[in-house]
Every structure is written in structure tokens, then in C-alpha cells.
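Q: test case, fold it:
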Amino acid sequence: MQTLLDWRRIVDFLVLVAAFYLVLRWAAGARALRIALVITALYAGVLFSRQLDLVITTWILQGAALIAVAFLIVVFQPEVRRALMRLDRSMLMFRRPGNADPSQALSESAFEMASTRTGALFVVTRQDPIDELVDAGVVLGADISNPLIHAIFEKNSPLHDGAVIIEGGRIARAGAVLPLTLRQDVPLEYGTRHRAAMGLAERTDALCVVVSEERGEVTAMRGRTFLQVGSPAELSRLLETPSVGTTSLKTRARDLFRVRWRMKLSAIGLASLIWTGATFDSSSSIRVLDVPIEFQNVPRGLDITGQSARSVAVQLRGRRWLMDSNRISGVVARFDLSNSTRGRQTVHVVPGALNLPPGIGVERVTPDAVAVTLIQRTPPLRR
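A: The predicted structure follows:
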């Protein structure tokens, strides 16, 4: 019988936890957390209804889960597309370098617009996700350049009232709407742009840069602090603050338990629910399977002859829905002969020699050993 802590089950659980964590992060950012939890609950119900052999209930829950997934894809299509775009960017091993340093281009553009009294708002993201706090915006995915920034914030542009979101050294979105601050100690001269920048900065670790249209000032905001910047060089130094990609290994290990720990605990809980439903084994079904024998890594120059059995009868125990699936159709008894020598060899059929899926155990094997003879290969006759 396979143990509950079989290494394959442990790997399945860890992969499931990671998958749920990524889905929860995306769902929280896309404001689709409730429907994601409903889908998870439906699939958990499918697994447990299978365990109880509730055929009709399983069909209904499967159909409802498929409808919910289709609804999620249709309603949240922009968020799904944005997540795929981020995945595509993260898989790029080499990124085409821009023509200039992004921090320098942003700094120069900010002070050029300040000199012409052109209002602007930049958000440079760090580690914290901001998708759940930001509304609207046009997806760009463009390199940072002075002409593009000036075109976005030009007074006749339809995007000039929103914020530019900088992610990974590129302009991810333009015209985004940020949440306004709820603080009461806001300076009287601060307008809507400043209040929006403060609202996002106090909720995340992003750096927000505001160019005042009335006073021609450049203000940087991070956390609950704000600083009036006096020169492009000073702003460039603020923008060059190390991001998450340059943190030390010790910091990353510490953040593994400190950052978003509630979401990680939720992922572990959901993974435990699904994992339990998928791997719970109450030994409700027994089946005898005729399993073929396969020998691997036969030493060079040796041939197999005198094999005592071509297959073995394996009595399996597990849930009936696992037995009825195609997961056991490819079960093979494999034996490694790499350390064998010429002559009679006996190999024992142990559960580890069978490529069984998780949730299915071995009750009995007949025969429990197979004898095989290895002989020296005869060289081909020359004509």
C-alpha cells in the first residue's frame, strides 16, 4: 500500500499550493477573488462527490464549475490578457535595451513638464501589486521615452488626467485612475493628482511622482512621506532605489514568511482541501490488472532469454473513480538490469517497480518474482 506521504503526493501538494497562491494574487488584483473561490469550492465538491460515488451530483458540479470558469474568462478578459502579457514578459531571457536610462528619461521629462506647467503623474511599482487599487488605463507595454511621455500628458491628450504606470522599466499603462487618500493632513495646495498619488503610495511600496500644473513643482511620494524634488539628478537617485529584483537572498527568505502571509495561508488551506479530496483513499474498490514487464538498462553485449513470465497479475486497491479512469491503463512493471551480470537473475516485483498514480495501492502481486537469464550476445555471421 502506498503511504500517504509518498513523494509524488508531496510534490503534488507543493505544486497545488504554488498554483493557488498565484491564482489568489491574480484574483485579488483583478477583483475576481470571490468567483475564484467559488470555482475552487465547486471543484472541491466534485472531488468529494466522486469519493462518495454521487454520479449525478458530480456531473452537476462539474458543469457549474465549467460555466464559472467560462464566466471568469469572459467577464475578466482584460485582466486575463494582462496576466498573460506579464507572463510573456517574465519569460523573456533577453530584453531589448532602450536608448536611454529609464530613470534619467523620467527625471528629465518630469522637470521639462514642470517648466512648462504641464501636470503629470507617474507610478513606479516595486514589490507590492497595485492592480486591485488601480482602475481603467490603456495597456501600452512601451519603452520609456521623452516624446511618448510628453505625448501622454499633453493637455489635449485623452490620457493626460490619468497616471502612467511604470513596471519593469517600461510603461505598462497610461491614463490609470488611482485611489484618493483619506488623510486629513493634506496640504491645501495639493490637488487631485497629489491626493491620488498619496492614496496609492500609502497603500503600497510604489514610488509616485507628481508634476504640479499650478506651481511647476515635482513631488515624490513613498509610503506616508512626500518630498519636493529640486533637480532631475535628485529624482533620478530616488528612481534608482533597488527594486525587488536586487534584494538579497536573506531578505527574500524573510519575506517568504512576512509578505502576503494571509494569502499564503489561504493558498495552503485551499490546497489542503483539494489535495485531501483528490488523494483520500478509503479502499473502496479492488481490481486485478495484468501488467506487462519491461526490462531497462540491459548491459551492453547481453541479451535476455528464458524469461519466467511476460506479465504479472497485480491486485490494486483504490477509489472506484480512479480505477475507472485511464490513469491505470499504462501501468508497467519496470526492472533495472544495469548492475546485472551474465547468468540467471531474479527480480522481485515491489510496489516501487510499478508506475502507479497517487491514490492507488498494491495489495498483492502474482508472481512476486520474475526469473530471467542473461546470455552473451552472439556476433552476426560474416558472409
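Q: contacts for the longest strand seen in the chain, please.
A: Under DSSP state E, the strand in the chain containing the largest number of residues is strand 285-296. For strand 285-296, contacts defined as Cβ atoms under 8 Å, 6 or more residues apart in numbering pick out 304, 307, 309-320, 323, 328, 331-338, 354, 363, 370, 372. All C-beta atoms are positioned from the backbone trio N, CA, C, and that covers glycine.
Q: so how do I select the buried members of these in ChimeraX?
A: Applying 16 or more other Cβ atoms under 10 Å to the contacts of strand 285-296, the buried members can be selected in ChimeraX as follows:
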select :312,314,316,317,318,319,323,328,331,333,335,337,354,370,372
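Q: now, which of the contacts of strand 285-296 lie within strands?
A: 304, 311-318, 333-336, 363, 370, 372.
Q: by pLDDT, rank those and give me the bottom one.
A: Lowest pLDDT among the ones in strands among the contacts of strand 285-296: residue 318, with 73.
Q: can you list the low-confidence ranges for the stretch 201-350 of the chain?
A: Scanning the stretch 201-350 of the chain for pLDDT under 70 picks out 241-260, 277-284, 319-327.
Q: all helices of it, in order?
A: 232-239, 249-258, 261-279, 320-324 (DSSP state H, counting those that start in this stretch).
Q: for the third one, name the packing helices and strands.
A: In terms of contact count using 3 or more Cβ pairs under 8 Å, 6 or more residues apart in numbering; DSSP states H and E, helix 261-279 is assigned the packing partners helix 7-29, helix 33-51.
Q: mind putting those in a markdown table, distance to residue 202 and mean neighbour count included?
A: Shown next, in a markdown table, are the helices and strands packed on helix 261-279 (distance: least, Cβ to Cβ, whole Å; neighbours: other Cβ atoms under 10 Å):
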| stretch | distance to residue 202 | mean neighbour count |
| --- | --- | --- |
| helix 7-29 | 18 | 16 |
| helix 33-51 | 22 | 18 |
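Q: among those, which gets the worst mean confidence?
A: Looking at these, the weakest mean confidence is helix 7-29, a mean of 75.
Q: any idea how far it is from the middle of the chain?
A: 7 Å (Cα atoms, centre = their mean, to the nearest Å).
Q: which helices and strands does it pack with?
A: Secondary-structure packing of helix 7-29 (3+ Cβ pairs under 8 Å, 6+ apart): helix 33-51, helix 77-90, helix 261-279.
Q: centre of the chain to the first one, how far?
A: Centroid displacement of helix 33-51 relative to its chain, using Cα atoms, centre = their mean, is 19 Å.
Q: now for that helix, which elements pack on it?
A: Packed against helix 33-51, as judged by 3+ Cβ pairs under 8 Å, 6+ apart, are the following elements: helix 7-29, helix 55-75, helix 261-279.
Q: got the ones you listed as a markdown table, with distance to residue 343 columns?
A: Listed next are the helices and strands packed on helix 33-51 as a markdown table, based on distance: least, Cβ to Cβ, whole Å:
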| stretch | distance to residue 343 |
| --- | --- |
| helix 7-29 | 34 |
| helix 55-75 | 54 |
| helix 261-279 | 42 |
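Q: out of those, flag the one nearest residue 103.
A: helix 7-29 (25.4 Å; Cβ to Cβ).
Q: show me what contacts residue 167?
A: For residue 167, the contacting residues are residue 125, by Cβ under 8 Å, 6+ apart.
Q: quick check on it: phi, psi?
A: phi -130, psi 130 (degrees, to the nearest 10).
Q: please tell me how far it sits from residue 130.
A: The gap separating residue 167 from residue 130 is 9 Å, by Cβ to Cβ, to the nearest Å.
Q: and for residue 334?
A: Counting by Cβ to Cβ, the gap between residue 334 and residue 130 amounts to 51 Å.
Q: tell me how far stretch 190-209 lies from the chain's centre.
A: A distance of 29 Å separates the centroid of the chain from that of stretch 190-209, by Cα atoms, centre = their mean.
Q: measure stretch 121-140 end to end?
A: One end of stretch 121-140 to the other measures 16 Å (Cα to Cα, to the nearest Å).
Q: show me what the mean pLDDT comes to for that stretch.
A: In this model, stretch 121-140 has a mean pLDDT of 79.
Q: and what of stretch 169-187?
A: Average pLDDT, stretch 169-187: 83.
Q: how about it as CSV, C-alpha atoms only?
A: This file holds the C-alpha atoms of stretch 169-187, laid out as CSV (Å, rounded to 0.1, in the frame of the first residue of the first chain):
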residue,chain,number,x,y,z
GLY,A,169,11.4,49.7,-16.6
ARG,A,170,8.6,50.0,-19.2
ILE,A,171,5.3,51.9,-19.5
ALA,A,172,2.7,49.3,-18.7
ARG,A,173,-0.4,51.5,-18.7
ALA,A,174,-1.4,55.2,-19.2
GLY,A,175,-4.5,57.0,-18.1
ALA,A,176,-4.9,54.9,-14.9
VAL,A,177,-7.1,56.1,-12.1
LEU,A,178,-5.6,55.9,-8.6
PRO,A,179,-7.5,55.8,-5.2
LEU,A,180,-7.6,59.1,-3.4
THR,A,181,-6.1,59.4,0.1
LEU,A,182,-8.3,59.5,3.2
ARG,A,183,-5.8,61.5,5.2
GLN,A,184,-6.9,64.8,6.8
ASP,A,185,-3.5,66.4,6.9
VAL,A,186,-3.2,67.0,3.2
PRO,A,187,-1.6,70.4,2.3
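Q: identify the residues contacting the nearest residue to residue 338 once chain neighbours are set aside.
A: Leaving out its chain neighbours, the residue that sits closest to residue 338 by Cβ to Cβ, 6 or more residues apart in numbering is residue 297, at 3.8 Å. Residues counted as contacts of residue 297 (Cβ under 8 Å, 6+ apart) are 336-338.
Q: need those residues in a markdown table with distance to residue 212, can you?
A: Shown next, in a markdown table, are the contacts of residue 297 (distance: Cβ to Cβ, whole Å):
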| residue | distance to residue 212 |
| --- | --- |
| 336 | 73 |
| 337 | 79 |
| 338 | 75 |
